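K.L.:
Below is the sequence, then the predicted model.
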Amino acid sequence: MNSETQQQVFNLQLSLANTFETFYVDANSALVSQLQAIARGEQQEPQIFIWGASNTGKTHLLQAVCHLASQHQQRSIYIPLAKLPLHDPEIIQGFESMDIVCIDDVHLLANNEPWEQALFNFINQARAQEATIVISSQQNPAENIFTLSDLNSRTVWGPVYKLYELLDYELEPALLQHAKSRGIKLSDEVRKYIFIHCRRDIPTLVGILDALDHASLQEKRKITVPFLKKILAKQ
């Protein structure tokens, strides 16, 4: 598989919902502003490292970078390590010539010597070609994630940002931002039902929104509490 075909396969993993318009910024405004400037081609930064627990929005941001970059004629690639066969590190070769490379979940490469060496080489090659690498991890790079010490030093070559889970009071405005950007209207009664009866985390809430959006379009139904109950019963 050549690099162009691989790029197409990787970028099929991009969710249409994962844009900057649907990302709840709050305390992450400095990071978001920098990523947007890079995606638009307004700022050059060799590398940005984003870390935080699962479900904090790392994948969302990396995919948002690629969506925005494509709108500004920037060549970008999203590499989801969680979905790759990690026995083949050569799969990332050739992408160092892109304008922006987003590598998701690099912590998965820890203690995998061939991959650690491949990532080390890739970072060096990308920097030589003036590409920007945006990296995400569930672990803090300051804690020396990798066995290869030179790779650990490379991961802190640029700005390092931590993403935090949304606080409880931030979940509702985050969900409403998602809904508004997609033209979905949620009444006060529907919102109240969701937050009383459903798990209060962004992946769950956005998943409910996706299901409601799809079903309401398919059935040409307004989103009401009875309709919401019907959809939830199917999940």
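P.N.:
Everything's here; your move.
K.L.:
what kind of secondary structure is the residue nearest in space to the middle of the chain in?
P.N.:
Centroid-nearest residue in the chain, with CA atoms, centre = their mean: Thr59, separated by 1.7 Å. Secondary structure, DSSP: H, G, I helix; E, B strand; the rest coil: Thr59 is helix.
K.L.:
you'd agree it is up against Cys102?
P.N.:
No - counting by CB atoms under 8 Å, Thr59 does not reach Cys102; the two are 9.3 Å apart. All C-beta atoms are positioned from the backbone trio N, CA, C, and that covers glycine.
K.L.:
Quick check: neighbours shared by those two?
P.N.:
Shared contacts of Thr59 and Cys102 (CB atoms under 8 Å, 6 or more residues apart in numbering): Ser136.
K.L.:
returning to what we had before: and the residue lying closest to the residue nearest to the centre of the chain once chain neighbours are set aside, what does it touch?
P.N.:
What sits nearest to Thr59 in space, not counting adjacent residues and going by CB to CB, 6 or more residues apart in numbering, is Asp104, at 5.6 Å. Taking CB under 8 Å, 6+ apart as the criterion, Asp104 is in contact with 58-59, 62, 78-82, 136.
K.L.:
how does it look with 10 Å?
P.N.:
Asp104 is in contact with 10, 13, 50, 58-59, 61-63, 78-84, 134-137, counting by CB atoms under 10 Å, 6 or more residues apart in numbering.
K.L.:
got it, and Leu151?
P.N.:
By CB under 10 Å, 6+ apart, the neighbours of Leu151 are 106, 109-110, 115-121, 123, 141, 144-145.
K.L.:
and what of Gln235?
P.N.:
For Gln235, the contacting residues are 198, 204, 207-208, 211, by CB under 10 Å, 6+ apart.
K.L.:
Would you list the buried entries among those residues?
P.N.:
Buried subset of these (neighbour count, 16 or more other CB atoms under 10 Å): Ile208.
K.L.:
how about the strands of this structure, start to end?
P.N.:
47-51, 76-80, 100-104, 132-137, 160-162 (DSSP state E).
K.L.:
hang on, Thr59 packs against Ile79?
P.N.:
No - using CB atoms under 10 Å, Thr59 is not in contact with Ile79; the gap is 11.4 Å.
K.L.:
what do these two both touch?
P.N.:
Joint contacts of Thr59 and Ile79 (CB under 10 Å, 6+ apart) are 13, 102, 104-105.
K.L.:
Excluding covalently adjacent residues, which one is nearest to Cys197?
P.N.:
I think there's a mix-up here, since residue 197 is His and not Cys. Leaving aside its sequence neighbours, His197 sits nearest to Leu232 (CB to CB, 6+ apart; 7.4 Å).
K.L.:
now do Val32
P.N.:
Spatial nearest neighbour of Val32, excluding adjacent residues (CB to CB, 6+ apart): Val25 at 5.2 Å.
K.L.:
Give the burial count for that neighbour, as a bare number.
P.N.:
14 (other CB atoms under 10 Å).
K.L.:
show me where pLDDT drops low in the protein?
P.N.:
Residues of the chain that meet the criterion pLDDT under 70 lie in 1-9, 11-12.
K.L.:
What segments of it are helices?
P.N.:
Taking DSSP state H, the helices of the chain run over residues 3-11, 29-39, 58-71, 113-128, 149-154, 168-181, 188-197, 202-219, 225-234.
K.L.:
Save those helices as JSON lines, and put in distance to Glu96 too.
P.N.:
JSON lines is the format used below for the helices of the chain (distance: least, CB to CB, whole Å):
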{"stretch": "helix 3-11", "distance to Glu96": "10"}
{"stretch": "helix 29-39", "distance to Glu96": "16"}
{"stretch": "helix 58-71", "distance to Glu96": "16"}
{"stretch": "helix 113-128", "distance to Glu96": "4"}
{"stretch": "helix 149-154", "distance to Glu96": "13"}
{"stretch": "helix 168-181", "distance to Glu96": "33"}
{"stretch": "helix 188-197", "distance to Glu96": "44"}
{"stretch": "helix 202-219", "distance to Glu96": "32"}
{"stretch": "helix 225-234", "distance to Glu96": "44"}
